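Chemist: Here's my sequence, what's the structure:
(one chain, ligands or ions: 2)
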Amino acid sequence: MRMVGLTGGIASGKSTVSKELGIRGVPVIDADKIAHDVLRKGTRGWKRVVGIFGQDILLGSGEVNRARLGEIVFADPAKRKQLNKALEPFIAFGLWSEIFKQWLYGTHVVVLDVPLLFEAKLTWMTKPIVVVWVDRETQEARLLKRDHLPEEQARNRILAQLPLEVKRDKADIVIDNTGTLENTKLQVDQLFTTINAPLSLKELLLSRTGVLCWVTGVVILGWLLL
Ligand SMILES: CC(C)(COP(=O)(O)OP(=O)(O)OC[C@H]1O[C@@H](n2cnc3c(N)ncnc32)[C@H](O)[C@@H]1O)[C@@H](O)C(=O)NCCC(=O)NCCS
Ligand SMILES: Nc1ncnc2c1ncn2[C@@H]1O[C@H](COP(=O)(O)OP(=O)(O)OP(=O)(O)O)[C@@H](O)[C@H]1O
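Modeler: Ligands and ions are numbered 1, 2, ... in the order given. Modelled structure (predicted):
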């Protein structure tokens, strides 16, 4: 199975590109959604995070107030590190479960939308790595417009990640999302063609059908030899 890495900076347009790929029929695994699920009330992730940050981060319903937790961790790198460390194993488990599910479905190409793909050193899992890039002014303007944050908080969130220029330089494919949505859609069309190119031998051998074939082959060979 081909695992395509989709990453970028906060508000650079990863979800926009993911949505367009979804419209074209590509399955997308969303790491932000997994991160939200592992913080649901009563889960082990929730217990761990409440243990670290206390009851002040909870809403009346007992769910985590993500806006409040965001304010805390994006203003303090040490606290952000604590949160990342607490949730990392649960997010990794969720990610691998979703990948395994897609593998069982017989999916040939899956996109992993992981904002912290570089920061969490997960790039080894994915090929190609696609970075959704925008210039800094556009990024900040879109973040302010979408999340209605004070400017300082928006800047803190951008600074909490590896600079987008560094990610762009490490990418196999760059989607420049500075322009119009129509322009981005054209680049997604091209990306769709690229990621659906025929699978390599290694990808074929690791696909569900590939594994079934070689396991069956080994069993038959063993049976013939015994
Ligand atoms: C801090 C939290 C509570 C804020 O929740 P909120 O709903 O406001 O934001 P959301 O989860 O939609 O994230 C928005 C964007 O913020 C950025 N972001 C999220 N967490 C982090 C982090 N720990 N470090 C740097 N950037 C981050 C990403 O670009 C993400 O796409 C939440 O993001 C969280 O629990 N983060 C820690 C888990 C994590 O690492 N998530 C990223 C998945 S790889
Ligand atoms: N080409 C574009 N033109 C105008 N607005 C855009 C464009 N692409 C994305 N946006 C808007 O910019 C904002 C950020 O985009 P999006 O939510 O896709 O980013 P993201 O990288 O997924 O963000 P996050 O890291 O927070 O999950 C959204 O409000 C989106 O509608």
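
Chemist: Please identify the residues of this protein in proximity to ligand 2?
Modeler: 8, 10-16, 32, 115, 142, 146, 177, 180-181, 184 (Cβ under 6 Å from any ligand atom). Every C-beta, even on glycine, is put in place using the N, C-alpha and C of the backbone.

Chemist: Quick check: the spatially closest residue to Q161 that is not a sequence neighbour vs V26, distance?
Modeler: Excluding the flanking residues, the one nearest Q161 by Cβ to Cβ, 6 or more residues apart in numbering is G9, at 5.5 Å. When distance is defined by Cβ to Cβ, to the nearest Å, G9 is 22 Å away from V26.

Chemist: and these two? which has more neighbours close in?
Modeler: Each of G9 and V26 has its neighbours counted (other Cβ atoms under 10 Å); G9 has more, 25 against 20.

Chemist: that older thread, which residues touch the residue nearest to Q161?
Modeler: Taking Cβ atoms under 8 Å, 6 or more residues apart in numbering, we find G9 in contact with 115, 133-134, 139, 158, 161, 164, 167.

Chemist: Which of those sits closest to ligand 1?
Modeler: Using Cβ to the nearest ligand atom, P115 is the member of these that sits closest to ligand 1, with 3.5 Å.

Chemist: That closest one contacts A11, doesn't it?
Modeler: No: if you go by Cβ atoms under 8 Å, P115 and A11 don't touch, sitting 10.2 Å apart.

Chemist: These two - which one has more neighbours?
Modeler: A11 (24 against 20).

Chemist: follow-up on the earlier one: tell me the buried residues within the residues of the chain next to ligand 2.
Modeler: Among the residues of the chain next to ligand 2, those classed as buried by 16 or more other Cβ atoms under 10 Å are 8, 10-16, 115, 142, 177, 184.

Chemist: Could you count how many residues lie near V218?
Modeler: Neighbour count of V218, defined by other Cβ under 10 Å: 10.

Chemist: Give me the mean pLDDT for the helix or strand containing it.
Modeler: Element membership for V218, per DSSP states H and E: helix 208-225. In this model, helix 208-225 has a mean pLDDT of 90.

Chemist: And it, what's buried?
Modeler: Buried, per 16+ other Cβ under 10 Å, within helix 208-225: G210.
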